[in-house]
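# Generate coordinates for the sequence data below:
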Amino acid sequence: MILVGSGALLWRAAGHAASVGTPVDVVIHPEGEAVPAWASDLECAGTDDVNDLADGIDEFCTDGLVCSTGNPFIFREPILELGVTIVNIHGGPLPRYRGLPIAAAVFAILNGEKEFGVTLHRVDAGIDTGDVIDRRAIALTESVTLEELSMEVTQACHDIFVDNIDSLDRSPAPASANHSPAPAGYYGMKQLADIGKYRDHPNFVRATELGVLEDHYPAYRDLFASYRA
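Next up, the predicted model:
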């Protein structure tokens, strides 16, 4: 298996795989990201664009499986055409909350959702549009903050990786389970750029409260602070 991603989710996944004896061919991460000392025995590769490593993925992927988690990259044709199975762990329930996990969480709170979740899905040419393999639900209280929800999402993403590590490449769920009655939605920086129009929303403060995560997400912190003042 080749792992692709960044941050805590990527390295927790790599650490778990190593601890249970699952072969990890390569861990691909953003150029300049520090590799944890414990991962020195793993083959790690930094890049500005994962698609530039398509030839290496084709050569070194021993089981035909690529798994992304905490992944800032978008897979393009060079990798999509390799014939390997690519799966992604998405920090949101699909198809309702496609896009950036933080943005999705913000709007889930603004929308007054009673439930959120994470999704393991196949990767196709779209963004978070591939068939669903597994899901995990997260119940939302009326007082949940962005900080709390983000932490729950991170843990749920790791849990779904752990629970599925032996069958990440299995066939997606039946079509009836893949199609949610909820409409598909996409949440990214374009949607967050208009967050100011929600400043009078009763959930606005909770939806933009990063708490201890502020230092991890300075761009979001600064954007929210400009409207929370």
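# the strands in the chain, which residues?
Assigned by DSSP state E, the strands in the chain fall at 2-5, 26-30, 44-47, 65-69, 85-90, 98-99, 115-122, 132-139, 186-187.
# Deepest-packed of those strands, please.
strand 2-5 (a mean of 26; mean count of other C-beta atoms under 10 Å). Quick note: C-beta positions are derived from backbone N, CA and C, even for glycine.
# contacting residues around that strand?
10, 13-14, 17, 24-29, 50, 57, 60-61, 65-73 (C-beta atoms under 8 Å, 6 or more residues apart in numbering).
# partners of it, with directions?
When sheet partners are counted by DSSP bridges, strand 2-5 sits next to strand 26-30 (parallel), strand 65-69 (parallel).
# ok, and what's touching the first one?
With contacts defined as C-beta under 8 Å, 6+ apart, strand 26-30 is touched by 2-6, 10-11, 14, 35, 39, 42-48, 50, 53, 56-57, 60-61, 72-73.
# rerun at 6 Å
Residues outside strand 26-30 that contact it (C-beta atoms under 6 Å, 6 or more residues apart in numbering): 2, 3, 4, 6, 14, 42, 43, 44, 45, 46, 50, 60.
# Which of the residues you listed sits closest to residue 215?
Taking C-beta to C-beta as the measure, residue 215 lies nearest residue 6 of the contacts of strand 26-30, at 15.9 Å.
# Now for the closest one, how many residues are close by?
Using other C-beta atoms under 10 Å, residue 6 has 17 neighbouring residues.
# List the contacts of it.
29, 30, 70, 72.
# Per-residue pLDDT of it, please?
At residue 6, the model reports a pLDDT of 97.
# cool, residue 177 as well?
At residue 177, the pLDDT value in this model is 54.
# mind showing which ranges of the protein have poor pLDDT?
Applying pLDDT under 70 to the chain flags residues 175-182.
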